[in-house]
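> Model the following, please.
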Amino acid sequence: MQRRSFVLSASALAFASFGARAADAYPNKPVRVISPYAAGGGPDVQLRQAGPSLGVALGQSIIVENKVGAGGVLAAQYVAQQPADGYTLLLGSNTHIIQKAMQPDLHFDPVTDFAPVSNLASSPTVLVVSADSPYKKLDDLIADAKSRPGSMNYGSGGIGTSAHLAGATLVSLAGIKAMHIPLKGSVEIAASLIRGDTQFAFPVAGTGIPQVKGGKLRALAVTSRHRLKELPDVPTLYELLHNDLAIQESWFGIWAPAKTPLDVQLTLNAAIRRVASAPALKATYEAVGNEATPSESPQAFAAFVRSETRKWTDIVKLAGAIGT
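Modelled structure (predicted):
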């Protein structure tokens, strides 16, 4: 387990719409957001980029505290047991849904144990091969895989990661055989491709896009619903395979413990929507293939989480990852 705290300073004055409050109105003290990710990695970075502005919007400091372990389960279990007062929140994501789908006996439920407040951002994965690979498009890769069954490997940062599930989805939908190679971490994906240990992989956009633009890798497809601004000539996997399960976007947002009062949820949701809609933050996210995706309301985010639970459970079943 890794534990680290970091305080994101907020302005002494809130935005006007959050300014006039009674002394006991929410929030009247700093708000903690528990991050299941290591400091400086993936969604943790995006949370910290949004944190200062979120603090300004709420008129309180935002404290980001890292609780890393068990694929995000440790942080989720901790927040689920905290008072439902809006002062301890979780950076929740589809990772929690995936872990529950893979391990049904886990002692937490991402749907019933939390009040989803708002999504913050989403990010797809990118199907990549090495820059000197003979595969120029997905059809080339599929044709070669079918001509030489079992000759291909695909890498990921571990079982149940977005790269693993995207690779397993491609293998299933395309009707090919390829072996999953769990690496020590997602940072090893590019090196594995370049060495030839693996033939394709699905790193997250924030990792894959810089390597594509740097000439190390070649992109064949993206798993987003729409083409990415950073890779406009790269088709979506859905365009190529025509199956909804090919649309796989990792997302993360703010969850509160179940039974958190609705007025607290609405205050948080309004602040997150204001912050995530700011042009500067949207541009920062887009530069690495992420998209700011604030929810219109807590109810809308809750409906999204329920829908994603059904979808990712189907994807985990497709990948044969249940019980791993």
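> where exactly do the strands run in the chain?
The residue ranges that make up the strands of the chain, judged by DSSP state E, are 2-8, 31-35, 62-68, 88-93, 114-124, 126-130, 152-156, 178-182, 200-201, 217-222, 249-257, 291-292.
> Of all these, which one is nearest residue 311?
Of all these, strand 249-257 sits nearest to residue 311, with 10.3 Å by C-beta to C-beta. To be clear about C-beta, it is placed using only N, CA and C from the backbone, and glycine gets the same treatment.
> what is the rounded mean pLDDT of that closest one?
When pLDDT is averaged along strand 249-257, the result is 95.
> Same check on stretch 214-232?
In this model, stretch 214-232 has a mean pLDDT of 94.
> Work out the gap between it and the centre of the chain.
Centroid displacement of stretch 214-232 relative to its chain, using C-alpha atoms, centre = their mean, to the nearest Å, is 17 Å.
> Now the terminal residues of it, how far apart.
End-to-end span of stretch 214-232 (C-alpha to C-alpha, to the nearest Å): 16 Å.
> Can you tell me which of the strands of the chain is packed in deepest?
Among the strands of the chain, ranked by average contacts under mean count of other C-beta atoms under 10 Å, first place goes to strand 200-201 (a mean of 28).
> I'd like to know which elements that strand is packed against.
Strand 200-201 sits against strand 126-130, strand 152-156, helix 162-174, helix 189-195, with contacts defined as 3 or more C-beta pairs under 8 Å, 6 or more residues apart in numbering; DSSP states H and E.
> that older thread, now for the strands of the chain, which one comes closest to residue 273?
For residue 273, the closest of the strands of the chain is strand 114-124, at 6.6 Å, according to C-beta to C-beta.
> how much does the closest one deviate in direction from strand 88-93?
40 degrees (axes from the mean of the first three to the mean of the last three C-alpha atoms, to 10 degrees).
> So what's the gap between strand 114-124 and the chain middle?
Taking C-alpha atoms, centre = their mean, one finds strand 114-124 lying 9 Å from the centre of the chain it belongs to.
> For that strand, name the packing helices and strands.
With contacts taken as 3+ C-beta pairs under 8 Å, 6+ apart, strand 114-124 sits against helix 43-58, helix 73-80, strand 88-93, helix 205-213, strand 249-257, helix 262-276, strand 291-292, helix 298-319.
> To residue 146, which of these lies closest?
Checking those against residue 146 by C-beta to C-beta gives helix 298-319 as the closest, at 19.0 Å.
> Just the CA atoms of the closest one, as PDB, please.
Extracted in PDB, the C-alpha atoms of helix 298-319 (Å, rounded to 0.1, in the frame of the first residue of the first chain):
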ATOM      1  CA  PRO A 298     -25.500  13.400 -10.100                       C
ATOM      2  CA  GLN A 299     -28.500  11.400 -11.400                       C
ATOM      3  CA  ALA A 300     -27.100  11.400 -14.900                       C
ATOM      4  CA  PHE A 301     -23.700  10.200 -13.600                       C
ATOM      5  CA  ALA A 302     -25.400   7.500 -11.600                       C
ATOM      6  CA  ALA A 303     -27.300   6.300 -14.700                       C
ATOM      7  CA  PHE A 304     -24.000   6.300 -16.600                       C
ATOM      8  CA  VAL A 305     -22.300   4.200 -13.900                       C
ATOM      9  CA  ARG A 306     -25.100   1.600 -14.000                       C
ATOM     10  CA  SER A 307     -24.900   1.400 -17.800                       C
ATOM     11  CA  GLU A 308     -21.100   1.100 -17.700                       C
ATOM     12  CA  THR A 309     -21.400  -1.600 -15.100                       C
ATOM     13  CA  ARG A 310     -23.400  -3.700 -17.500                       C
ATOM     14  CA  LYS A 311     -21.000  -3.000 -20.300                       C
ATOM     15  CA  TRP A 312     -17.700  -3.700 -18.500                       C
ATOM     16  CA  THR A 313     -19.200  -6.800 -17.000                       C
ATOM     17  CA  ASP A 314     -19.900  -8.100 -20.500                       C
ATOM     18  CA  ILE A 315     -16.300  -7.100 -21.600                       C
ATOM     19  CA  VAL A 316     -14.800  -8.900 -18.700                       C
ATOM     20  CA  LYS A 317     -16.800 -12.000 -19.600                       C
ATOM     21  CA  LEU A 318     -15.700 -11.700 -23.200                       C
ATOM     22  CA  ALA A 319     -12.100 -11.500 -22.000                       C
END
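> re the thing from before, residue 279: which of the helices and strands packed on strand 200-201 is closest?
Taking C-beta to C-beta, strand 126-130 is the member of the helices and strands packed on strand 200-201 nearest to residue 279, at 24.8 Å.
> residues making contact with the closest one?
If you take C-beta atoms under 8 Å, 6 or more residues apart in numbering as the criterion, strand 126-130 is touched by 135, 138, 141, 166, 170, 189, 193-194, 196, 199-205, 208-209, 211-212, 216-223, 231, 234, 237, 289.
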